[in-house]
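# Sequence first, predicted model second:
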2 protein chains.
Amino acid sequence: MSATPAYDDLVRHYQRLHRFDHLAAIVGWDQAANMPPKGNEARSAAMAELAGLTHRLRTDGALVRQIERAEQEPLDDLQRANLREIRRDWRNANALPESLVQARQHATSRCEHAWRTQRPANDWAGFLENFREVLRVGREEARLLSEQSGLGLYDALMDRYEPGMTCALVDRVFANLRQWLPGMIVRAVERQAGLPCIEPVGPFPVERQRALCEAAMRLLGFDFEAGRLDVSAHPFSGGVPEDVRLTTRYGADDFLTSLMGTIHETGHGRYEQNLPRALLGQPAGFARSMAIHESQSLSFEMQLGRHRGFVERLAPLVAAHLGPQPAFEPENLWRLLTRVRPGRIRVDADEVTYPAHVILRYEIERPLIEGDIEAEDIPALWNAKMQELLGVDTRGDYTDGPLQDVHWPEALFGYFPCYSLGAMYAAQWFATMRRSLPGMDASIGRGELAPVFGWLDTHIWQQGSRWPTDELARRASGEVLNPAHFKAHLEARYTPGG
Amino acid sequence: MSATPAYDDLVRHYQRLHRFDHLAAIVGWDQAANMPPKGNEARSAAMAELAGLTHRLRTDGALVRQIERAEQEPLDDLQRANLREIRRDWRNANALPESLVQARQHATSRCEHAWRTQRPANDWAGFLENFREVLRVGREEARLLSEQSGLGLYDALMDRYEPGMTCALVDRVFANLRQWLPGMIVRAVERQAGLPCIEPVGPFPVERQRALCEAAMRLLGFDFEAGRLDVSAHPFSGGVPEDVRLTTRYGADDFLTSLMGTIHETGHGRYEQNLPRALLGQPAGFARSMAIHESQSLSFEMQLGRHRGFVERLAPLVAAHLGPQPAFEPENLWRLLTRVRPGRIRVDADEVTYPAHVILRYEIERPLIEGDIEAEDIPALWNAKMQELLGVDTRGDYTDGPLQDVHWPEALFGYFPCYSLGAMYAAQWFATMRRSLPGMDASIGRGELAPVFGWLDTHIWQQGSRWPTDELARRASGEVLNPAHFKAHLEARYTPGG
């Protein structure tokens, strides 16, 4: 008989949950990538049925006693890590009553559905009518999660995406960014005014773009025996670690969006494909957190994808698939990929201006959740902060202002900071690699990417959720999150010589 | 309060089951059409978990009492039909113990997996080793189903696919076929010797074949807002009524296989897309049976797809997509599509020789299940019957002999007769249409297919499972299955004037 019967039962229970989550991931991907419109109603009902089932499995009354018993059993370190993550999963699933989960579902699906037409119509007033209820639900979630965890209101929301992340840390990091980022944006823009670049000339047939994206994925080591690339309106990385489903979208006159988007998703995909096989199906085997996930996609899209040496390898691939043109010369392609231009839209932002968008979201979301401002206050704050951080006048523009992202209609409060934390972790990983892999930058220029992937595999991918994020970072890089690496990275790439 | 509380509970239970079956259908389709190879192990585990769940829901101990209580409630005709189908679903799910279901799963998956390499290797001896266990399971299923239903052994197996079908009827129908079919085959072959046809000249690019197939589906009224066409190794019609997933496969030098296969699946697809919406999710709303399903695919592939008038509409579509060539002239295309050639392979057989393949399967399967012969006896019987029915010498050829179909490795005993019963029902539907739709054949030649689809919609599709098959046939055509229509159809098309 096993010396750890309660733990073994928990493992079986989570294996089962993982299998149902597998089904949810595949039908969810199918809904975005394949499903014809008339299938939506039946699909939504089927997915809701499954979500109800897995919620009941996650909140099974017997689990808490099993977790308590397992904690008394002689577990090794790996088992302890798994039990820690099981407890976390249990706590998150049980914090919110079924009625609130349903209220959230109703509020967000009504708000998101209306938002699809309100955004292009610049209809902030119409959006507000639904968004007030979404905000009410978000505040109630924050209250309950905070009561249960002892964390602050916004801390408790961030904790779902990035366990352990706090406003205290985010405040410190963003305050630092606020000091030097606006100046750096100005200097980078000024510097680039003297470095003109040639625009690519389309159209670029979709089939060729697709072939180019798949070639880039191969160059980046994506395993097509364990995943695919398809098309969806909003690109994402879905599926399961054993079968990763990436999506992109193609515009006839713009190949860079699909190409760099695909490179971004490939970073998410390789993380998933290389999670520790022995732990698959167990919470300790999953990706660590959303900031760490973004650190992988941004390692691919930014650290590697805009690396001078990598762009030298990418340029001939672009020319081979789309036909040669002056814009595809390596130096010009690199200039295109590193162009800094303050703009209104987060997802179109370059690497330097991007954090300003995230700071703005955080500085609006947090007082919203804490009750210091109301939904009506958003536009004035938005305009002021866009002016202050990016020098952009957004007055009267809701479409590409507070209506631009799906996060608010979907009540994903607390997520935005992960993007910038991910960019910072990515810079930290590459700084560490530079120390431990001498000649790495030259190797990348020669197309030798194996050392980079080997480092990520060893220090991030294979670690799964064995360690809390701080411990993962310490083991990988010798220190917890240190934004100085991000600043140094941007300086070296965008304002060399100061 | 409802006057039918037990019935209402049953309806809710089956609605829930239907939602889980929806998920199973989509991930099953995905497995065949999309899944990369390394995803298979996790996918199989996830699908088995779901299959276990739905089996438990189908065998829930409370159901039998609920069914009994519902039978005492004041139900209308539609509700009675639904309750009849619920009882049938319950009986089928409960007839076999979990241990046998698992034994079947193991035996068939081992046998099918090995068969994939044994078939090309002509390895009958190797196949036998696994097939003996598959046969044992099949016989045990027949015994239990027979005990529970009071049907004969093979009747009980057929009943799963075609409720109410019996050996007594199949014997009578096939004995009749045996009398006239071999002679008709000889006469048709002789007649066609004087009507040579021009072979199409490939290659035919896959993209153009795909566009041709989709154009044919549009011509046949397939709703692309509620379904798709994709690719799989073994073409099938999957998905759910609200979202029908058809598959085909493309060979570079042969466009007729993908085109006519797609037309076949489109028949299955339109049946599913037009099942009665008000009953969707309830057993009475599902397709009636496999023979009726095949009657729809064969109405499209054979009755319509090889109709002279339809081929006149199809020919310009082929030329438009693949470029004109002499083989695509309407008369020549029709000769290609109606060529009668006795051969070894069922799925490649023409409309006239096809029933011979089914008779052979039936005359081997039934004594196998009834214990009158053993697996070792198959090859000698196969050779004798191929010689007798089709004049083809198959000695020493297992690959395109008893190893050709997936049905035996998968223990699908009792299914084969549905193919020929379906062909007969299809002929019966078209004979009825000719009586009630004057000028129908001329209309088809003008591309007016709406009357045909209208008849099928009213008499078959919208009926779902409201009636047992005999009653469905009587309401649609004034009589139960009458094979004379099939004979008359083949005579008119293949041996006109005797």
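The structure has been received and is ready for your questions. Numbers count the residues shown, from 1 in each chain, chains lettered A, B, ... in the order given.
# Can you give me the buried ones in the helix or strand of chain A with the lowest mean pLDDT?
Between all helices and strands in chain A, the lowest mean by mean pLDDT, DSSP states H and E belongs to helix A:98-118, at a mean of 88. For helix A:98-118, burial by neighbour count (16 or more other Cβ atoms under 10 Å in any protein chain shown) applies to A:103-104, A:107-108, A:111-112, A:114-115, A:118. Heads up, the C-betas are built off the backbone N, CA and C, glycines and all.
# is chain B contacted by it?
No. Using Cβ under 8 Å from any Cβ of the partner chain, helix A:98-118 never reaches chain B; the gap is at least 15.8 Å.
# CA atoms only for that helix, dumped as PDB, please.
The C-alpha trace of helix A:98-118 is given here as PDB (Å, rounded to 0.1, in the frame of the first residue of the first chain):
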ATOM      1  CA  GLU A  98     -21.500  29.800  -8.000                       C
ATOM      2  CA  SER A  99     -24.000  32.700  -8.100                       C
ATOM      3  CA  LEU A 100     -21.100  35.200  -8.600                       C
ATOM      4  CA  VAL A 101     -19.500  33.000 -11.200                       C
ATOM      5  CA  GLN A 102     -22.800  33.000 -13.100                       C
ATOM      6  CA  ALA A 103     -23.300  36.700 -12.600                       C
ATOM      7  CA  ARG A 104     -19.800  37.300 -14.000                       C
ATOM      8  CA  GLN A 105     -20.600  35.000 -17.000                       C
ATOM      9  CA  HIS A 106     -23.800  37.000 -17.800                       C
ATOM     10  CA  ALA A 107     -22.400  40.400 -17.300                       C
ATOM     11  CA  THR A 108     -19.200  39.900 -19.300                       C
ATOM     12  CA  SER A 109     -20.900  38.100 -22.200                       C
ATOM     13  CA  ARG A 110     -23.500  40.800 -22.500                       C
ATOM     14  CA  CYS A 111     -20.900  43.600 -22.200                       C
ATOM     15  CA  GLU A 112     -18.400  41.800 -24.600                       C
ATOM     16  CA  HIS A 113     -21.100  41.100 -27.200                       C
ATOM     17  CA  ALA A 114     -22.300  44.700 -27.300                       C
ATOM     18  CA  TRP A 115     -18.700  46.000 -27.200                       C
ATOM     19  CA  ARG A 116     -18.000  44.500 -30.600                       C
ATOM     20  CA  THR A 117     -20.300  47.000 -32.200                       C
ATOM     21  CA  GLN A 118     -19.900  49.800 -29.600                       C
END
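# counting contacts, what elements does the next helix or strand after that helix pack onto?
For helix A:98-118, the following helix or strand on the C-terminal side (DSSP states H and E) is helix A:124-149. Packed against helix A:124-149 by the contact rule (3 or more Cβ pairs under 8 Å, 6 or more residues apart in numbering or on different chains; DSSP states H and E) you find helix A:77-95, helix A:98-118, helix A:153-161, helix A:354-370.
# what's around the closest residue to chain B within the stretch 151-300 of chain A, how many residues?
With Cβ to the nearest Cβ, the shortest gap between the stretch 151-300 of chain A and chain B falls at A:D243, namely 3.0 Å. A:D243 has 29 neighbours, counted by other Cβ atoms under 10 Å in any protein chain shown.
# how near is it to B:G150?
Applying Cβ to Cβ, to the nearest Å, the value for A:D243 to B:G150 is 46 Å.
# How about the contacts made by the closest residue in space to the residue of the stretch 151-300 of chain A closest to chain B that isn't next to it in sequence?
Nearest in space to A:D243, with sequence neighbours left out and distances taken as Cβ to Cβ, 6 or more residues apart in numbering or on different chains, is B:G39 at 3.0 Å. When contacts are counted by Cβ atoms under 8 Å, 6 or more residues apart in numbering or on different chains, B:G39 touches A:226, A:239-240, A:242-243, B:31.
# Considering these, which possesses the most neighbours?
Most surrounded of the contacts of B:G39: other Cβ under 10 Å gives A:D243, at 29 neighbours.
# can you pull the pLDDT of that residue?
As predicted, A:D243 sits at a pLDDT of 97.
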